[in-house]
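Peer 1: sequence isn't available, so here's the structure alone:
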């Protein structure tokens, strides 16, 4: 079986579900659907599952997850413009750790930035502009 995607799903731990949901909805200008799975409370990021899109969620489950600034680094899609997302981060309760930076000067790979979310997770952002 050929693997065409490195990621199938991701989960970002949160300690305050409502605060984290508001943070991501604000900076990405989206609405996240809420789901209960066992003891976990999840808010799902928008993705196109029918066209082989990849998705993820914020998850509240203190017995299983702990937010961290030192765990895996997830890059969120911030199309069409990463700066629009960065402009919303601090007002939503986050912190900008690295502003808009070109991924590669020798190849057209867009721009990235690094933030601390409202829960203390280090999250990367990516967009072509």
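Peer 2: Perfect, thanks for sending it. All figures in this text were calculated on a predicted structure; none of them were measured in a lab.

Peer 1: check the offset of the longest strand seen in the chain from the chain's centre.
Peer 2: Ranked by number of residues, the top strand in the chain under DSSP state E is strand 95-102. In terms of Cα atoms, centre = their mean, to the nearest Å, the centre of strand 95-102 is found 14 Å from the chain centre.

Peer 1: pull out the buried positions in the helix or strand that that strand is followed by.
Peer 2: Per DSSP states H and E, the first helix or strand lying C-terminal to strand 95-102 is strand 111-116. Neighbour counts over strand 111-116 (16 or more other Cβ atoms under 10 Å) mark 111, 112, 113, 114, 115, 116 as buried. No exception for glycine: its C-beta is placed from N, CA and C like everyone else's.

Peer 1: quick one: list the elements packing against strand 111-116.
Peer 2: helix 82-89, strand 95-102, strand 122-127 (3 or more Cβ pairs under 8 Å, 6 or more residues apart in numbering; DSSP states H and E).

Peer 1: list of residues touching the last one?
Peer 2: What it means is strand 122-127. 12, 68-71, 73-82, 85-86, 97, 103, 110-117 (Cβ atoms under 8 Å, 6 or more residues apart in numbering).

Peer 1: quick one: mean pLDDT for that strand?
Peer 2: Confidence for strand 122-127, expressed as mean pLDDT, is 94.

Peer 1: just checking: what are the partner strands of it?
Peer 2: When sheet partners are counted by DSSP bridges, strand 122-127 sits next to strand 75-77 (parallel), strand 111-116 (antiparallel).
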